[in-house]
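Chemist: Here you go, sequence then predicted model.
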Amino acid sequence: MLSVEEARARILAALTPTAPETVALPEAWGRVTAEPVVARLTQPPADVSAMDGYAVRAADAQEGARLRVIGIAPAGHPFAGTVGPGEAVRIFTGGVLPAGADSVLLQEDAEAGADGTVLVKETVRPGRWVRRRGLDFAEGEAVIPAGRRLTARDIGLAAASNHAWLAVYRAPRVGLLATGDEIALPGDPIPPGGIVSSNTHALAALVRAAGGVPIVLPIVPDDAAAIAAAARAARGCDLLVTTGGASVGDHDLVQQALGPEGFALDFWKIAMRPGKPLIFGRLGQTPVLGLPGNPVSALVCGVMFLLPALARLSGLPGEPPRTRRAVAGAALAANDRRQDFLRARLEEPAEAGGPPVATPFPVQDSSMLATLARADALILRAPHAPALPAGAPVEVIVLGELGL
Ligand SMILES: Nc1nc2c(c(=O)[nH]1)N[C@H]1C(S)=C(S)[C@@H](COP(=O)(O)OP(=O)(O)OC[C@H]3O[C@@H](n4cnc5c(N)ncnc54)[C@H](O)[C@@H]3O)O[C@H]1N2
Ligand code: MOO
C-alpha cells in the first residue's frame, strides 16, 4: 500500500493550475496571482510630511528661532514656491514637502504667532517627519509575487500600486458526488436503515474554505449506470470527488462504474487510518479523487489530499497541512502499518510556553462525526510507531488553523 506522502505526491503530480483570468480587484481576494503585481507608480510619489506642522529647513529651525510662514501645503495641494532661509510652510500629513524644505517641525513643538510667524520650541533634526519619495515602493517593483494567495493586505497594496484588475488563477470547480442506496439529503425522506448524507456538505465547506467552488451533485444510488451518468455530467469540473463505494464490498461501485467510461486508475488503497480505500485516477481530462464513505475518513482524507489538491489547482505548491508539536495527554498504543490520524482535544500546557496537550478521544470509529466536530486536532502516528507514555512529544494538525 502507498504511504500518505506518496499518495499526495502522486495526486499533486497529476494536477496543474487552472487557466488564469483577469478579475476586478475586489474579486481577487483569496485567489492566487498568476503573474507578479508590478507597481505602476512610486509611493509616496514625492517627499511628503508624516505629520501636521511646518515644512522647514532644519538648519534654520533651532529652538527659539522664529520663521516666516509663506504658504500652506495640505495633502493634495502642493505649495508651488520654495522655502528660503528663515521661512516655513504650514503643512499637513500627506502634504508634499515644498522645494527648499528638508524637515517638518511638529505642530506640538511650534507656536503660531498672530504676525504670520511661527516660533520653534524644539530644535528640528534634518529629515525629521519626512517620508521620502518611494519609501513604500517604486514604479516597476514587483510588490506581490506570482503564486501568492491574496490577502486583504495584498489587495490594499495592489490598489495603492494602481491596479484595478489582477491576473489570478480561476477558482477550481470541484464536483462532489455522494454514492449509496442508504443515504438521503438532509430534510429528504430517509430510506429504511438509511442515514443522512453529510459528506458532500462537509466537503463543500472544505472546498469553499480552500478557495474552490463546490458543485454538489445529486446523490446517486449504488448503481453503476447511475454513477457513470453522474460522473459524465461532472467532466467539466477541475476535479471530481466521490464519496462512498471505494472499498471492496459488492456495492462499492465507483471503480466498476467508471471503468467502462475510460477511467484510468492511478492508485487505490493507502496506508492510512482512517482513509484506507482512497482512489485516485483520471476520467478523460478530469482527475477523480474517490474518498471513502465513512464521514470521518472522507473528511480526514479531505484534509490530507483534497486541501493540497485544491491548493495545486489554485496555483499554489500544495504543501501538506502544517504540523505542530504537542505532548500526548494519554498513553498511545503502538501503531500498525497504516499511518494513523487520531481525533484529539488540544489543551493549553500546564506550564506557560510549553507545547499544548493533545488527548485522543477514547473511541476513534470513523463513523463518529460528533467526535470529529469536537476535535481540535489530529495526532499523527507514523506507521509502526512504538507505544508512547502520556507526556511524550507528538505531532498534530490543528484543525482550526485550516479554517475548517
Ligand atoms: N471487508 C472490508 N470491508 C471494509 C473495508 C475493507 O478493507 N474490507 N474497508 C473499510 C473501510 S476502512 C472504510 S473507510 C469503508 C469505506 O467504504 P466505502 O468507501 O466503500 O463506503 P461505503 O461502503 O459506501 O460507506 C461506508 C459508510 O459510510 C457511510 N456513508 C457513505 N456515504 C456517506 C455520505 N455521503 N454521508 C455520510 N455517510 C456516508 C455509509 O452509510 C457507510 O456506513 O469500508 C470499510 N469496509
Ligand atoms: O479507512 Mo476506514 O477510513 O478506516 O474507516
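Modeler: Thanks, I have it. Ligands and ions are numbered 1, 2, ... in the order given.

Chemist: Flag the shaky bits of this structure, pLDDT-wise.
Modeler: For the chain, applying pLDDT under 70 flags the ranges 251-252.

Chemist: right, and residue 333 touches residue 387 too?
Modeler: Yes - using CB atoms under 8 Å, residue 333 makes contact with residue 387 at a distance of 5.7 Å. Any C-beta I mention is one placed from the backbone N, CA and C, and that applies to glycine too.

Chemist: mind listing the helices for the stretch 1-150 of the chain?
Modeler: 4-13 (DSSP state H, counting those that start in this stretch).

Chemist: Which residue does it have closest to ligand 2?
Modeler: Here the stretch 1-150 of the chain gets closest to ligand 2 at one residue, residue 1, 11.2 Å apart by CB to the nearest ligand atom.

Chemist: quick one, what contacts that residue?
Modeler: 269, 270, 271, 276, 337, 338 (CB atoms under 8 Å, 6 or more residues apart in numbering).

Chemist: Could I have the buried ones of these as ChimeraX selection syntax?
Modeler: Buried subset of those, written as a ChimeraX selection, criterion 16 or more other CB atoms under 10 Å:
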select :269,270,271,276,338
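
Chemist: gap between the residue of the chain positioned farthest from its centre and residue 123?
Modeler: Most distant from the centre of the chain: residue 115, at 58.8 Å, with distances by CA atoms, centre = their mean. According to CB to CB, to the nearest Å, residue 115 and residue 123 sit 22 Å apart.

Chemist: Would you map the strands across the stretch 151-300 of the chain?
Modeler: Remark: strands assigned in the stretch 151-300 of the chain by DSSP state E, counting those that start in this stretch are 165-169, 173-178, 183-184, 195-196, 213-216, 239-243, 263-268, 272-273, 279-283, 286-291.

Chemist: same for the fourth one, what does it pack against?
Modeler: Think strand 195-196. strand 183-184 (3 or more CB pairs under 8 Å, 6 or more residues apart in numbering; DSSP states H and E).

Chemist: ok, the residue of the stretch 151-300 of the chain found nearest ligand 1 - contacts?
Modeler: Closest contact between the stretch 151-300 of the chain and ligand 1, by CB to the nearest ligand atom, is at residue 293 (2.5 Å). Going by CB under 8 Å, 6+ apart, residue 293 touches 179, 180, 199, 243, 244, 245, 246, 247.

Chemist: Next, count neighbours for residue 361.
Modeler: Residue 361: 17 surrounding residues under other CB atoms under 10 Å.

Chemist: Touching, it and residue 344? I think so.
Modeler: Yes - Residue 361 is within contact range of residue 344, at 6.8 Å (criterion: CB under 8 Å).

Chemist: Need the overlap of contacts for these two.
Modeler: Contact with both residue 361 and residue 344 is made by residues residue 375, according to CB under 8 Å, 6+ apart.

Chemist: hmm, back to that, tabulate the contacts of residue 1 in JSON lines, adding columns for distance to ligand 1.
Modeler: As requested, the contacts of residue 1 are exported to JSON lines (distance: CB to the nearest ligand atom, whole Å):
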{"residue": "269", "distance to ligand 1": "8"}
{"residue": "270", "distance to ligand 1": "11"}
{"residue": "271", "distance to ligand 1": "12"}
{"residue": "276", "distance to ligand 1": "4"}
{"residue": "337", "distance to ligand 1": "13"}
{"residue": "338", "distance to ligand 1": "9"}
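
Chemist: In the contacts of residue 1, find the pair that's most separated.
Modeler: 269 and 337 (12.0 Å; CB to CB).

Chemist: how about the residues of the stretch 151-300 of the chain near ligand 2?
Modeler: Within the stretch 151-300 of the chain, the positions adjacent to ligand 2 are 273, 274, 275, 276, 292, 294, 297 by CB under 6 Å from any ligand atom.

Chemist: Take these and keep only those in helices.
Modeler: Judged by DSSP state H, the subset of these located in helices is residue 297.

Chemist: out of the residues of the stretch 151-300 of the chain next to ligand 2, who has the most neighbours?
Modeler: Counting neighbours by other CB under 10 Å, residue 275 leads these with 29 neighbours.

Chemist: ok, that residue touching residue 297?
Modeler: Yes - counting by CB under 8 Å, residue 275 touches residue 297, with 4.7 Å between them.

Chemist: Need the overlap of contacts for those two.
Modeler: If you check residue 275 and residue 297 against CB under 8 Å, 6+ apart, the residues they both contact are residue 291.

Chemist: any idea how far stretch 354-367 is from the chain center?
Modeler: Here stretch 354-367 is found 26 Å from its chain centre; the criterion is CA atoms, centre = their mean, to the nearest Å.

Chemist: Determine which stretch of the strands of the stretch 151-300 of the chain is the most buried.
Modeler: strand 239-243 (a mean of 28; mean count of other CB atoms under 10 Å).
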